[in-house]
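**Q** Model the following, please.
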Amino acid sequence: MTVTMKTSLTGKRLLCVATVLLAAAGAVGAQDIYKCTQGGQVAYTDHPCPGGNGELLHQADDTEVIDRYLRLGQDALAKRYAQSRHLEALYQQRVEVHQQAMAERSQRRADDAYTAEQRQQEAQQQALVDEAAERDRLQAENEALRQQNDEYQDQLNQPVYNAPPAYWGEPPDRSHHHDDHHPHRPPSANEPVFHPCKQLAGGRVQC
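**A** Below is the predicted model:
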């Protein structure tokens, strides 16, 4: 990685750029950072400057190099680097740290997956509870409506007594009720006459 800029930049801005590069180097992995000046331009790079000129701003130590190889999955290169510098103990220690970090990440992923599964099951269970409650509510409403309908039908089927209407004077069509042995006596003007009535369904009366 190389970043090139003009030397006209102020020293403060150059320092800021160098700080950013150093932070990037720490995030990506262990690497050296060189400041090279050539042709009126300043370049920041992770490899030595041409001709050996330049300034080493950051030099990765052995721990950073081994950790970088391990993070990239290049275990063989990490081991070879350690053996070439007789750093077998450091290599073993960094391997254990790396394995522990991987185990922790794996455990966190498993915990997150378990938590997500538990939440999903709880949501499904709650949905079933809500569905059952809604079903019970609808059944209760239907039962109440059926009960009201039955009560209404009972009221309609109850017999209703209606007194027959009274007529003053001679009622119509009474001639067929005359009896030869008991001749009909016309009612007086002040005497009411009652007609027999028949009870019909629904509490109605026909006279």
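**Q** Could you look up the SS state of Arg94?
**A** Taking DSSP: H, G, I helix; E, B strand; the rest coil as the rule, one finds Arg94 in the helix state.
**Q** Helices of the chain, start to end?
**A** For the chain, the helices defined by DSSP state H occupy 11-28, 62-71, 75-84, 88-157.
**Q** Pick the most deeply packed of those helices.
**A** helix 62-71 (a mean of 20; mean count of other Cβ atoms under 10 Å). All C-beta atoms are positioned from the backbone trio N, CA, C, and that covers glycine.
**Q** Check which helices and strands that one is in contact with.
**A** In terms of contacts (3 or more Cβ pairs under 8 Å, 6 or more residues apart in numbering; DSSP states H and E), helix 62-71 is packed against helix 75-84, helix 88-157.
**Q** Next, format these as JSON lines and append mean pLDDT.
**A** Shown next, in JSON lines, are those (pLDDT from 0 to 100):
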{"stretch": "helix 75-84", "mean pLDDT": "91"}
{"stretch": "helix 88-157", "mean pLDDT": "93"}
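**Q** Can you lay out those helices as TSV showing distance to Cys36?
**A** Converted to TSV, the helices and strands packed on helix 62-71 look like this (distance: least, Cβ to Cβ, whole Å):
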stretch	distance to Cys36
helix 75-84	25
helix 88-157	30
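**Q** nearest to His47, of those helices?
**A** helix 75-84 (16.8 Å; Cβ to Cβ).
**Q** the inter-axis angle of the closest one versus helix 62-71?
**A** 160 degrees (axes from the mean of the first three to the mean of the last three Cα atoms, to 10 degrees).
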